[in-house]
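# Here you go, sequence then predicted model.
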Amino acid sequence: MSVKIRLQRHGKKGKPFYSIVAADARAKRDGKFLEKLGTYNPNVNPAIIELDVDGAVKWLQNGAQPTDTARAILSYKGVMLKNHLAGGVRKGALTEEQAESKFAAWLEEKATRITAKKDGLTKEQTEAKATAIAAEKAVNEARVNAVKEAEAAIIAEKKAAEAALEAEKVIAEATTAEVVEEAVTEETTTEETTEEKTAE
């Protein structure tokens, strides 16, 4: 029986969640497995990987073959390095203490790289938020300025309309005054002409 270390897919559509398992190569992808070694959640950045390193090393030493994706995950968590160092200890090239110290140094270096990546991501997120807020403020200011301009235009139109009404009133009063004067002058002229006629 050949054993594979592979991923079992769980989760919902568009949000996968994987279990890392040691299973018979003939078993279905999501079927029976021999041992669950950990989980892999790619939905967050950086991805969350929980893995039993010693259990994975035991399966690798017993001849289990990881799939390509599982090999990348095992390498990321240091399982492949620990297996390599265990092979060196078995051959006598390293002592157990040297292998443990090398593995611990690698883990520290990996942890610093992960924290640097997280810091970089949070910095990028804060910068993106700041630029988005600045753009939103600019849009809001433009909107407020447009509203103020529209209100000023409406006020100017009202003032122009009021001025036009005042001008019309003045013109109407002037024309009525002229008509009244003309009527008065006509009456006086007609009275004078009638008086002249009666005098004759």
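Sure thing, it's come through.
# Kindly list the longest helix within this structure.
Ranked by residue count and defined by DSSP state H, the top helix of the chain is helix 96-199.
# Which other helices and strands does that one contact?
In terms of contact count using 3 or more Cβ pairs under 8 Å, 6 or more residues apart in numbering; DSSP states H and E, helix 96-199 is assigned the packing partners helix 79-91. (Glycine included, C-beta is placed from N, CA and C.)
# Which strands or helices does the helix it packs on pack on?
In terms of contact count using 3+ Cβ pairs under 8 Å, 6+ apart, helix 79-91 is assigned the packing partners helix 53-61, helix 68-77, helix 96-199.
# Can you say which of those helices is nearest to residue 7?
Counting by Cβ to Cβ, residue 7 lies closest to helix 68-77 out of the helices and strands packed on helix 79-91; the figure is 6.0 Å.
# circling back: mind putting the helices and strands packed on helix 79-91 into JSON lines with mean neighbour count, mean pLDDT and distance to residue 34?
As requested, these are arranged in JSON lines below (neighbours: other Cβ atoms under 10 Å; pLDDT from 0 to 100; distance: least, Cβ to Cβ, whole Å):
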{"stretch": "helix 53-61", "mean neighbour count": "18", "mean pLDDT": "91", "distance to residue 34": "8"}
{"stretch": "helix 68-77", "mean neighbour count": "17", "mean pLDDT": "92", "distance to residue 34": "14"}
{"stretch": "helix 96-199", "mean neighbour count": "10", "mean pLDDT": "82", "distance to residue 34": "25"}
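# Could I get the ones you listed in TSV, plus columns for distance to residue 40?
Output for the helices and strands packed on helix 79-91, formatted as TSV (distance: least, Cβ to Cβ, whole Å):
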stretch	distance to residue 40
helix 53-61	12
helix 68-77	6
helix 96-199	15
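# so what's the closest residue in space to residue 36 that isn't next to it in sequence bridging to?
What sits nearest to residue 36 in space, not counting adjacent residues and going by Cβ to Cβ, 6 or more residues apart in numbering, is residue 21, at 5.2 Å. Beta bridges link residue 21 to residue 6, residue 36, judged by DSSP bridges.
# what about residue 21, distance to residue 30?
With the distance defined as Cβ to Cβ, to the nearest Å, residue 21 ends up 10 Å from residue 30.
# Give me the common contacts of these two.
Listed as contacting both residue 21 and residue 30 by Cβ atoms under 8 Å, 6 or more residues apart in numbering are residue 8.
# How far off centre is the longest helix of the chain?
Chain-centre distance of helix 96-199: 29 Å, with Cα atoms, centre = their mean, to the nearest Å.
# orientation of that helix relative to helix 79-91 in degrees?
For helix 96-199 against helix 79-91, the angle by axes from the mean of the first three to the mean of the last three Cα atoms, to 10 degrees is 170 degrees.
# Tell me what angle helix 96-199 forms with helix 53-61.
Going by the same axes, to 10 degrees, helix 96-199 is angled at 120 degrees with respect to helix 53-61.
# what are the phi and psi angles of residue 94?
Reported as degrees, to the nearest 10, the phi and psi values for residue 94 are phi -130, psi 160.
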